[in-house]
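Visitor: Give me the fold of what follows.
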Amino acid sequence: MKEYKVLITETLQKAVIVGAESEQEAHRRVSDAWKNAEYTLDTEDFQGVEFHVIGEADGDPEDKDIDRIESKGGGGGE
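Guide: Have a look, this model is predicted:
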């Protein structure tokens, strides 16, 4: 059986209101607040998920740190 790398991308999104003199300042303030954990996005902010097969696993040493899912049952078209 071959092994494949599949990239999973989840999207979380939240709108916040911030007072600022410019768009750049608003961006900086919210970015700084997020980095300081003043905004925490969680399951309520979930917008979607994408799965992308990025190729066969090639034995790259970094692959050892990737989570694995073992095939379960049936062998059908799941």
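Visitor: Lys14 reaches Leu41, doesn't it?
Guide: Yes: contact between Lys14 and Leu41 holds when scored by C-beta atoms under 8 Å: they sit 5.3 Å apart. Every residue, glycine included, has its C-beta placed from N, CA and C.
Visitor: quick one: the helices in the chain?
Guide: Assigned by DSSP state H, the chain shows helices spanning 23-35.
Visitor: For it, give me the ranges with low pLDDT.
Guide: 63-64, 70-78 (pLDDT under 70).
Visitor: Centroid-wise, who is the farthest residue in this protein?
Guide: The C-alpha centroid of the chain is most remote from Glu21, which lies 31.8 Å away (C-alpha atoms, centre = their mean).
Visitor: hey, what's in contact with both of Lys14 and Leu41?
Guide: Residues touching both Lys14 and Leu41 (C-beta atoms under 8 Å, 6 or more residues apart in numbering): none.
Visitor: number of nearby residues for Ala37?
Guide: 7 (other C-beta atoms under 10 Å).
Visitor: Which residues are in contact with it?
Guide: Counting by C-beta under 8 Å, 6+ apart, there are no residues that Ala37 touches.
Visitor: Likewise for Phe51?
Guide: Neighbours of Phe51 in contact, by C-beta under 8 Å, 6+ apart: Val6, Leu7, Ile8, Thr9.
Visitor: do you know how far the last one is from Ala20?
Guide: Between Thr9 and Ala20 the distance, using C-beta to C-beta, to the nearest Å, works out to 30 Å.
Visitor: Same question for the first one.
Guide: With distances defined as C-beta to C-beta, the gap from Val6 to Ala20 amounts to 40 Å.
Visitor: contacts for stretch 11-22?
Guide: With C-beta under 8 Å, 6+ apart, stretch 11-22 has contacts from 26, 29-30, 33, 39, 41-42, 45-50.
Visitor: partner strands of the longest strand along the chain, parallel or antiparallel?
Guide: If you go by DSSP state E, the chain has its longest strand at strand 46-56. Sheet pairing for strand 46-56, assigned by DSSP bridges, gives strand 4-12 (antiparallel).
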